[in-house]
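>>> build me a model from this:
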Amino acid sequence: MEKLDIISFDHISADPTFSKNPFVHSIHISRLRRIQLYLFAVFVFPLRLFFVLLFFFLTLLVGEIATRGVDYSKPFCHLRQRFLLPIFIFCGRALFFSGGFIWIGQYGRRASCFEAPILVLAPHSSFYDALVFLALGMPSVVGKVETAASPIGSFIKMTQPILVNREDPTSRQNTLAEIKRRTQSVPEWPQILIFPEGTCTNRSCLINYKQGIIIEIKILFYYSVGAFTVGCPVQPVILRWGYGIDSITWTWDGPGVLELLFLTALQPYTTLEIEFLPVYTPNEAEKDDPQLYAKNVRAVMAKAANLPTTELSFDDCHRIRKAVQFNIPMACHINEYGRLTKYLFREPRPEGHFSSANVSHVSDRILSMANAAREWYSALNCEPLKPSKLAQIFLYPSGEISSDVLVTQVAVLKKVVDTLPKSPNGQPDIRILVVHLSFLMFSSSPSVAMQLAFQASRSLLF
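Reported below is the predicted structural model:
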């Protein structure tokens, strides 16, 4: 990167954009609200608990009867579809009603399975989103074989799920093929319901939508985003939870399941609004590019939900967990780190599996940054870390990207660097950033991350 190319960036300040971390949640309870909770704990909770347990076992019993001997490669027979399924939905709805979910509002027109074989729902924030299945008549999901065989497996089996065997190496391909087959077999099958974000957030924004099959499991089902890969029309659906304390949101950093269940049962009621948006039919470009398709659908849903979007994704949630595990102090800056990793590495960030090209490219980039950081640090008169110097050390040559994009990248990079501890020369210790990147880029493969971090550390020693 020539000096003339970068000197104009020295006026850039840190990116001032504030983005709330979508993977954290905390509950703040006022004194007056605490009094209400205590009263409900004494006079209401025992009654609610009795009816919740009653309808839980009734729902489980009906589900077991309805799914006994079911062939999941075929749709439900007439008896199950017309008689047992409505009874199951009634018992399930009574279960949620007993827990305080009094009212479910539906707005807009729900498309038929001919118009949109797949429903995409967001924002996805809780295990309570299972209530949507009952409200919508038990659309199908992608579930794991182990869950379907568990004692509570009837809950997922009643959705006529697409079952995935994690031990099968062809699982992803088979799942996408089955989704495509079902979308072409309407109205034999129910619509397929998908949470495209792939993980729970705090509803402060919409994170990146996934285009493939996500291996992470939450409670009962996989989060499948085969809709965008299959390329069929989808109907976007917005979820809005309401009333009182937010005991709905379930994120990796926040209250646990039991605490949320208890607090929800102590509230007078909880509401859910389901808004159906117009069917989104992909054009030819979107059919050829699932990532573009997912991005455009997300933009439509963000506008309808009045929420911002962020470049963070399911993988960033996984990375921040690993950061906490390895005591990497970047949890409060996950938004910036998430954006930065996209800027620093051309190849898509590894998502659960690694090709040799991925590992080689990312490793070479990190070691290159480590060498550049060492050269800067070991200079006799260590120059200040101006934006232009940061660009030289970390970013690609400016001639390969537009100046507007480079300005944005440098601003985010400066914001991250400003959070680093100071080195003995009084400058932010950018060596720490290099080590952080080693772990974050390979968070799902600690052995690779550790090996790369040691290599980078050796390059950084003087």
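>>> okay, CA-based contacts and neighbour counts for the rest of this
Noted.
>>> could you list the low-pLDDT ranges of the stretch 101-250 of the chain?
Residues of the stretch 101-250 of the chain meeting the criterion pLDDT under 70: 166, 211-226.
>>> show me where it has its strands.
According to DSSP state E, counting those that start in this stretch, the stretch 101-250 of the chain carries its strands in the segments 103-107, 118-122, 142-144, 162-164, 192-194, 213-218, 221-224, 234-242.
>>> make a markdown table from those and add mean neighbour count and distance to residue 366 to it.
What follows is the strands of the stretch 101-250 of the chain, written out as a markdown table (neighbours: other C-alpha atoms under 10 Å; distance: least, C-alpha to C-alpha, whole Å):
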| stretch | mean neighbour count | distance to residue 366 |
| --- | --- | --- |
| strand 103-107 | 13 | 50 |
| strand 118-122 | 25 | 35 |
| strand 142-144 | 24 | 37 |
| strand 162-164 | 23 | 36 |
| strand 192-194 | 27 | 36 |
| strand 213-218 | 16 | 27 |
| strand 221-224 | 24 | 32 |
| strand 234-242 | 21 | 39 |
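>>> reformat those as TSV; add distance to residue 430.
Conversion of the strands of the stretch 101-250 of the chain to TSV gives the following (distance: least, C-alpha to C-alpha, whole Å):
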stretch	distance to residue 430
strand 103-107	51
strand 118-122	37
strand 142-144	43
strand 162-164	44
strand 192-194	41
strand 213-218	33
strand 221-224	37
strand 234-242	42
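>>> spatially central residue in the chain, please.
Centroid-nearest residue in the chain, with C-alpha atoms, centre = their mean: residue 199, separated by 3.2 Å.
>>> so residue 172 versus residue 287, what's the distance?
19 Å (C-alpha to C-alpha, to the nearest Å).
>>> swap in residue 155?
33 Å.
>>> before we move on, what about residue 209?
15 Å.
>>> next one: residue 113
Per C-alpha to C-alpha, residue 113 is found 19 Å from residue 287.
>>> neighbour count winner among these two?
Set side by side, residue 113 and residue 287 show more neighbours around residue 113, with 22 against 18, by other C-alpha atoms under 10 Å.
>>> touching, that one and residue 188? I think so.
No - the pair residue 113 / residue 188 is not scored as a contact, 9.4 Å apart, by C-alpha atoms under 8 Å.
>>> all the helices of the stretch 151-300 of the chain, residue numbers only.
Assigned helices in the stretch 151-300 of the chain, in chain order: 153-157, 171-183, 226-230, 257-265, 284-288, 290-305 (criterion: DSSP state H, counting those that start in this stretch).
>>> pick the most buried one from those.
Ranked by mean neighbour count under mean count of other C-alpha atoms under 10 Å, these are led by helix 226-230, which reaches a mean of 25.
>>> dump the C-alpha coordinates for it into PDB.
The C-alpha coordinates for helix 226-230 follow below in PDB (Å, rounded to 0.1, in the frame of the first residue of the first chain):
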ATOM      1  CA  GLY A 226     -32.700 -24.500   3.300                       C
ATOM      2  CA  ALA A 227     -35.300 -22.100   2.000                       C
ATOM      3  CA  PHE A 228     -32.800 -19.800   0.500                       C
ATOM      4  CA  THR A 229     -30.800 -22.600  -1.000                       C
ATOM      5  CA  VAL A 230     -33.900 -24.300  -2.500                       C
END
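>>> show me what it is packed against.
On a contact count with 3 or more C-alpha pairs under 8 Å, 6 or more residues apart in numbering; DSSP states H and E, helix 226-230 meets helix 171-183, helix 284-288, helix 290-305.
>>> now those helices in CSV, with distance to residue 42?
As requested, those are arranged in CSV below (distance: least, C-alpha to C-alpha, whole Å):
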stretch, distance to residue 42
helix 171-183, 48
helix 284-288, 55
helix 290-305, 37
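>>> for residue 23, find the nearest of these.
helix 290-305 (17.5 Å; C-alpha to C-alpha).
>>> output the helices of the stretch 151-300 of the chain as JSON lines; include the columns distance to residue 251.
What follows is those, written out as JSON lines (distance: least, C-alpha to C-alpha, whole Å):
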{"stretch": "helix 153-157", "distance to residue 251": "22"}
{"stretch": "helix 171-183", "distance to residue 251": "26"}
{"stretch": "helix 226-230", "distance to residue 251": "24"}
{"stretch": "helix 257-265", "distance to residue 251": "10"}
{"stretch": "helix 284-288", "distance to residue 251": "31"}
{"stretch": "helix 290-305", "distance to residue 251": "20"}
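>>> which one of those helices lies closest to residue 89?
helix 153-157 (10.3 Å).
>>> where in the stretch 251-400 of the chain is pLDDT low?
For the stretch 251-400 of the chain, applying pLDDT under 70 flags the ranges 319, 322-335, 346-358, 379-383, 396-400.
>>> please enumerate the strands of it.
Going by DSSP E, counting those that start in this stretch, the stretch 251-400 of the chain shows strands at 271-276.
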